[in-house]
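Asker: sequence first, then the predicted structure, then my questions.
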Amino acid sequence: MRKRMMLMLAAVALFIGAIGSFKFLQIRAAIAQGSSYQPPPEAVTTIVAREVRWATTRDLPDAFEQASVAAHVARADAEDRLDAVEDNLFRFGRIVEGNPALRDALGDSSTSLQGKRSLVADLLGDKVDGTTATLLGQAVAGRHHSLTSVLALYQRVAANRRDSMIATVWVASPLGEDQRERLTRALARQHSRPIHLNVVVDPSVLGGARVAVGDEVLDSTVETRLQQAQRRLER
């Protein structure tokens, strides 16, 4: 009996030591990335440790990065700020996408991380919440992804928090609040899941709208309908 108890105590000690080593590696990896690391909740850490299979040495920092994003997203959700965070990430991605000089500056590997973060901070000012500012500061670390792809990943993490889908609609002019709500409800019914709607105002859209949800695209713009009519006349 005494021998069995000693073996059990030894096993528990090994388990606790393994957890401590794992936490130490987490913190050291985050510091090496130069990010302002905040330890994620235990539930987030456990999920990542169990589900991720690291095929390359680069996968481990990716897993830690996603765990950090998930922790910030969970905090924003608890404070009822997640919709605003998702909107802000999308808007900043559109700004970067539409500004080649800014995109090149933030994607330049010769620019220091501190320099990129200072540029982002100057652009943001006090226009966004702390969670968005932190996530954008993390996104520009740019170890091996483009900034726009990283921001898209962060939005997917936020959407997965509530098991929702991301829909993007292109329109000629801004949608009113009532229009946004009706379109969001219609898409949610169609896909049987909550929808987070991103709106892109595109002057090249003559009328109607183009909606993308995942790989599915519904194009009812005037331009597309005219092209379809022309193809039918040419047959």
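Answerer: Alright, I've got the coordinates. Numbers count the residues shown, from 1 in each chain.
Asker: show me where pLDDT drops low in the chain?
Answerer: 1-61, 142-145, 222-235 (pLDDT under 70).
Asker: can you list the domains in it?
Answerer: Listed domain ranges for the chain are 2-162, 164-235 (source: automatic domain parsing).
Asker: so which bits of stretch 113-127 are buried?
Answerer: Neighbour-count burial for stretch 113-127, with 16 or more other CB atoms under 10 Å as criterion, is recorded at 116-117, 120, 123-124. Using the backbone N, CA and C atoms, a C-beta is placed for each residue, glycine as well.
Asker: same check, this time on stretch 184-197
Answerer: Neighbour-count burial for stretch 184-197, with 16+ other CB under 10 Å as criterion, is recorded at 184, 187-188, 195-197.
Asker: which one of the residues you listed is nearest to Val140?
Answerer: Ranked by distance to Val140 (CB to CB), those are led by His196 at 23.0 Å.
Asker: so the closest one sits against Ala84, correct?
Answerer: No: counting by CB atoms under 8 Å, His196 does not reach Ala84; the two are 11.2 Å apart.
Asker: and the contacts of the helix or strand containing Asn88?
Answerer: Using DSSP states H and E, Asn88 falls within helix 82-97. If you take CB atoms under 8 Å, 6 or more residues apart in numbering as the criterion, helix 82-97 is touched by 73, 76, 102-103, 106, 123-124, 128-129, 131-132, 135-136, 147-148, 151-152, 154-155, 158-159, 161-162, 196, 198, 200.
Asker: buried members of the residues you listed into PyMOL, please.
Answerer: Remark: buried members of the contacts of helix 82-97, expressed as a PyMOL selection using 16+ other CB under 10 Å:
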select buried, resi 73+76+102+103+106+123+124+128+129+131+132+135+136+147+148+151+154+155+158+159+161+196+198
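Asker: just the contacts of helix 82-97: which are in strands?
Answerer: When DSSP state E defines the strands, the subset of these inside them is 196, 198, 200.
Asker: what bridges to the first one?
Answerer: Beta-bridge pairing of His196 under DSSP bridges involves Ile166.
Asker: where exactly do the helices run in the chain?
Answerer: Here the chain has its helices, by DSSP state H, at 2-32, 42-51, 59-78, 82-97, 100-107, 113-124, 130-139, 147-161, 177-191, 222-234.
Asker: neighbours around the residue lying closest to Ala159 once chain neighbours are set aside, how many?
Answerer: Spatially, and ignoring its direct neighbours in sequence, Ala159 is nearest to Ile166 (5.2 Å; CB to CB, 6 or more residues apart in numbering). Using other CB atoms under 10 Å, Ile166 has 19 other residues around it.
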